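Engineer: predicted coordinates and the sequence they were generated for:
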Amino acid sequence: MLLLKDLQGLFPIFDGSNFITLLGKGLAQRPSNPYLVVADSYLTETAQYADIVLPVATYLESWNLDSSPALGLVPFVALQQPIIRPYGQSVSLSDLFIELAHRIGGGLQKDFKFNSTEEYIKKSASKIEKLERAGGVSYLKQFGVWLDPKEKPKYRTYESREFDTPSGKIEIYSERLKRMGFHPTPVYEPIPGHGDFKGKFVLVTFEPNVMGARSGNFMWLAEIKGNLAFWTVSTRYFKPIIRPFSPTLTASYPISL
């Protein structure tokens, strides 16, 4: 079984992943991969190949906790809570996995000692003593985010931790690389297999930063991105020639089972 989540395999996206190749192999090996399961909020081209489509709620319809690295260097806990009800019969991905774990059984339910994402969030928040004293999830529901008011930003922490180098500092000259047979300082070394570029065309792929691996379904973003283009650069004149083309985009709509 191949389970895919929020990935538009038939949309031309190149983000460094090998997803398109993976999807192609998965679909080509149907005897060994009898089921393709897609969990998504939209009926994408990928979902149309699926044996089972699991309707997933969007982030505006789901619960979640966020405690990502703070730009202000003061740790925080933020609550993502639904602002609208899930569309149709869709549920959040976390609730979907919780229900699957309980249905499958076989010991999986031991690791899911809660019946919903909201219940899991309440249990997780209760383990943060200072947050619990401030009101726990009730506080987060009212204010959205909590941080310890006594906590101060910690700057230049690298001075106490040091870097993972023999000197503990940023090293321009590396004895470690020298012992491994590499040049100890940063240098340019051409790749032998590339040979001489004179008179050749070089293909360099790139991706505008408004689109990513998970934004293939955003029709308005696709319009901001505009047409895809081939840039043909002559190595003799270095004059770019832009040849645009417009791929056919398939509109995606919310699904309900």
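Structural biologist: Good, I have the coordinates. Numbering: from 1, shown residues only.
Engineer: count the neighbours of Leu108 for me.
Structural biologist: Other residues within reach of Leu108, judged by other Cβ atoms under 10 Å, total 13. All C-beta atoms are positioned from the backbone trio N, CA, C, and that covers glycine.
Engineer: try Tyr49
Structural biologist: Other residues within reach of Tyr49, judged by other Cβ under 10 Å, total 16.
Engineer: how close does it sit to Lys123?
Structural biologist: Using Cβ to Cβ, to the nearest Å, one obtains 38 Å as the distance from Tyr49 to Lys123.
Engineer: which helix is the longest one in this protein?
Structural biologist: helix 93-104 (DSSP state H).
Engineer: which outside residues touch that helix?
Structural biologist: For helix 93-104, contacts defined as Cβ atoms under 8 Å, 6 or more residues apart in numbering pick out 5, 39, 54, 56-57, 62-64, 91, 108-109, 111-112, 114-117, 120.
Engineer: which neighbouring elements make contact with the helix or strand following it?
Structural biologist: Downstream of helix 93-104, the first helix or strand assigned by DSSP states H and E is helix 117-126. Helix 117-126 sits against strand 64-66, helix 93-104, helix 129-134, helix 137-143, with contacts defined as 3 or more Cβ pairs under 8 Å, 6 or more residues apart in numbering; DSSP states H and E.
Engineer: give me the residues contacting the first one.
Structural biologist: With contacts defined as Cβ under 8 Å, 6+ apart, strand 64-66 is touched by 77-80, 94, 117, 121, 124-125.
Engineer: just give me the closest of those to Glu175.
Structural biologist: Val77 (43.0 Å; Cβ to Cβ).
Engineer: what's the helix or strand that the closest one is a member of packed up against?
Structural biologist: Using DSSP H and E, Val77 sits in strand 76-80. With contacts taken as 3+ Cβ pairs under 8 Å, 6+ apart, strand 76-80 sits against strand 64-66, helix 137-143, strand 145-147.
Engineer: which residues in the stretch 151-257 of the chain form helices?
Structural biologist: Taking DSSP state H, counting those that start in this stretch as the test, the helices found in the stretch 151-257 of the chain are 158-161, 175-179, 219-225.
Engineer: so, low pLDDT: which residues of this structure?
Structural biologist: For the chain, the stretches flagged by pLDDT under 70 are 1, 6-34, 205-257.
Engineer: please parse it into its domains.
Structural biologist: With domains defined by automatic domain parsing, the chain comprises 2-55, 60-147, 156-189, 194-243.
Engineer: list the buried residues of the third one.
Structural biologist: Right, domain 156-189. Of all the residues in domain 156-189, those buried under the rule 16 or more other Cβ atoms under 10 Å are Ser174.
Engineer: that older thread, report the buried members of the contacts of strand 64-66.
Structural biologist: 77-79, 94, 117, 121, 125.
Engineer: distance to Val137 for those residues - can I get that in TSV?
Structural biologist: Formatted as TSV, the buried ones among the contacts of strand 64-66 follow (distance: Cβ to Cβ, whole Å):
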residue	distance to Val137
Val77	10
Ala78	12
Leu79	7
Ser94	16
Thr117	12
Ile121	6
Ala125	5
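Engineer: what's the end-to-end length of stretch 181-198?
Structural biologist: Stretch 181-198 has an end-to-end distance of 30 Å (Cα to Cα, to the nearest Å).
Engineer: name the surrounding residues that touch that stretch.
Structural biologist: Contacts to stretch 181-198, defined as Cβ under 8 Å, 6+ apart, come from residues 172-175, 177-178, 235.
Engineer: same thing but at 6 Å, please
Structural biologist: Contacts of stretch 181-198 with the rest of the structure, by Cβ atoms under 6 Å, 6 or more residues apart in numbering, involve 173-174, 177-178.
Engineer: from Leu73, how far off is the residue nearest to Leu79 when sequence neighbours are not counted?
Structural biologist: Nearest non-adjacent residue to Leu79, counting by Cβ to Cβ, 6 or more residues apart in numbering: Leu140, 3.7 Å away. From Leu140 over to Leu73 the distance is 21 Å, taken as Cβ to Cβ.
Engineer: I'm done for today, thanks for sticking with me.
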